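Enquirer: I need the structure of the sequence given here:
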Amino acid sequence: MPALSPLEPNPGVSYIMPILNEAAHIEAAVRSILAQDYAGPKEVVLALGPSTDGTNEIVARLQAGEPRLRSVDSPTGRTPAGLNLALDASRYPVVVRVDAHTELEPHYTERAVATLRRTGAADVGGLMDAQGRTPFQRAVAAAYVSPLGLGGAAYHSGAPEGPAESAYLGVFRREALDAVGYFEESLWRGQDWDMCLRLRQAGYQVWFDPELKVTYWPRASWGKLVRQFYASGIWRAELARRHKEGKSVRHFLPPLLVAGLAADAAAGALSASGLTRRWPAWLRASAAAAALFPALYGAGVAYATARQDLDRPERLRLFAVLPSIHVSWGLGYLRGRLLGAAGTVDTSRRKP
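Expert: Residues are numbered from 1 along each chain as shown. This next block holds a predicted model:
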């Protein structure tokens, strides 16, 4: 592992955040950073995209009374470009990536810096603690931690502390970022996973610490959720096209679900038209067996929903949220594998 220079007990910390149309979340996100219980010097650098919902005006108001809060223009509004612009404008040896949909626990920075010093890692991350203010948001938050939802990754479901493939958001040693290059700007989504891969390929360590926790506020409407996960599926497929590493069985399950549902629908249409009567017996039996697939999937969703500690309205929403995530992500993945990302934009970040 390449040697990193020793960290002082309380090194300076730069928080970087790309922002586009986050008026509902930006003030709480920034205040959670400024309220960090950390003895070292701090600065916050916001990369302001071309927001149309009043986000930049809120930032200007916050800046008026806070010298530690600075901003840079990010003309494209793209996440990796904003991260790199904020990196260039920051100066401290520890870099904390923050998202506008997140709020940091008060001791997040103190714990992260201590973990960097203790492990010698170049990047550490912890748990995404999804929360919700409305029944729909709480249902989405439950899907994030459900094994049938997004519970496969350590930062969703938890795991013992140790080396990891990737880190949620990430607390970085600047010298490691300088060594491997900044965020890949052609990856409009998934640039964090790509960064972790490049760090590991260079011999640096990425570390998961479950004691680190970040509150995350999911998308608040069904339309935004579907658009978010469709784009996520496309960009995960783009990562799979570019890299041999990082493929997981769980990445292939949503596309297989979409294919299975499509095959069942086609078989049903053919059966209704009478065309299947001329099929061989084995093919008719296969079609009949395939017809059980939606029922089995529905039973799995019902079981996963019943296991969550939710009230009845939230359970009903979760029963719809899980298939929405699976199908939209699966459709996106299939599209991405066939055609590539081709500049796909996550339209869930646009102003309604």
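
Enquirer: any low-confidence regions in this protein?
Expert: 151-158, 246-247, 264, 266-279, 281-291, 349-352 (pLDDT under 70).

Enquirer: Contact partners for A306?
Expert: Listed by CB atoms under 8 Å, 6 or more residues apart in numbering, the contact partners of A306 are R315. Where you see a C-beta, it was placed from the backbone N, CA and C, and this is true even at glycine.

Enquirer: let me fix that: A100
Expert: If a contact means CB under 8 Å, 6+ apart, then A100 has M17, P18, I19, E22, H25, I26, A29 as its contacts.

Enquirer: For L339, give me phi and psi.
Expert: Its backbone dihedrals place L339 at phi -120, psi -10, with angles given as degrees, to the nearest 10.

Enquirer: Run through who's touching the helix or strand harbouring R118.
Expert: Taking DSSP states H and E as the criterion, the element that holds R118 is helix 108-119. Contacts to helix 108-119, defined as CB under 8 Å, 6+ apart, come from residues 6-7, 9-11, 13, 36-40, 42, 94, 96, 121, 124, 126, 171, 173, 205, 207, 209, 211-214.

Enquirer: and E185, what is it in contact with?
Expert: If you count contacts by CB under 8 Å, 6+ apart, E185 has them with R78, P80, A81, N84, Q191.

Enquirer: What ranges does the stretch 101-250 of the chain have for its helices?
Expert: Defined through DSSP state H, counting those that start in this stretch, the helices belonging to the stretch 101-250 of the chain, from first to last, are 108-119, 135-145, 154-157, 174-180, 191-201, 222-242, 249-273.

Enquirer: that older thread, for the helix holding R118, what is the distance to the chain centroid?
Expert: With CA atoms, centre = their mean, to the nearest Å as the basis, the distance from the averaged C-alpha position of helix 108-119 to the chain average is 22 Å.

Enquirer: Just the buried positions in that helix, please.
Expert: Residues of helix 108-119 classed as buried: Y108, T109, E110, R111, A112, V113, A114, T115, L116, R117 (neighbour count, 16 or more other CB atoms under 10 Å).

Enquirer: Can you redo the contacts of E185 as JSON lines, where the extra columns are neighbour count and distance to F183?
Expert: Rendered in JSON lines, the data for the contacts of E185 read as follows (neighbours: other CB atoms under 10 Å; distance: CB to CB, whole Å):
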{"residue": "R78", "neighbour count": "24", "distance to F183": "10"}
{"residue": "P80", "neighbour count": "22", "distance to F183": "4"}
{"residue": "A81", "neighbour count": "20", "distance to F183": "8"}
{"residue": "N84", "neighbour count": "22", "distance to F183": "6"}
{"residue": "Q191", "neighbour count": "22", "distance to F183": "5"}
